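Peer 1: what shape does this take:
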Amino acid sequence: MQGAMMTTAEVAARLRVPVPTLYKWRLESKGPRSIRIGKHLRYQERDVEAWIADQIVSSARGGAGAA
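Peer 2: Numbers count the residues shown, from 1 in each chain. Next up is the predicted model:
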């Protein structure tokens, strides 16, 4: 595994959404890919950036798959 790891709070701040929204998206398989490390939830920075790029593309196509 390579790249910077981000906490839920860091991802929420990056996306400018509340932390509970990230938890909801995770349960619905809609948000950035997350990794459980013991009891801690982490996100790889590259996965968050890839998810953002995918949202931009989806939105440009009319919103199919946008969160």
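Peer 1: switch to C-alpha atoms for all contacts and neighbour counts from now on
Peer 2: Fine.
Peer 1: how far does stretch 35-53 stretch from one end to the other?
Peer 2: End-to-end span of stretch 35-53 (Cα to Cα, to the nearest Å): 19 Å.
Peer 1: and that stretch, average pLDDT?
Peer 2: The average pLDDT for stretch 35-53 rounds to 96.
Peer 1: pull the distance from that stretch to the chain's centre.
Peer 2: 6 Å (Cα atoms, centre = their mean, to the nearest Å).
Peer 1: and the contacts of it?
Peer 2: 3-8, 11, 31-34 (Cα atoms under 8 Å, 6 or more residues apart in numbering).
Peer 1: this protein: strands as residue ranges?
Peer 2: Ranges of strands within the chain are 5-7, 35-37, 40-44, based on DSSP state E.
Peer 1: in the longest one, what's buried?
Peer 2: The neighbour-count criterion (16 or more other Cα atoms under 10 Å) identifies 42-44 as the buried residues of strand 40-44.
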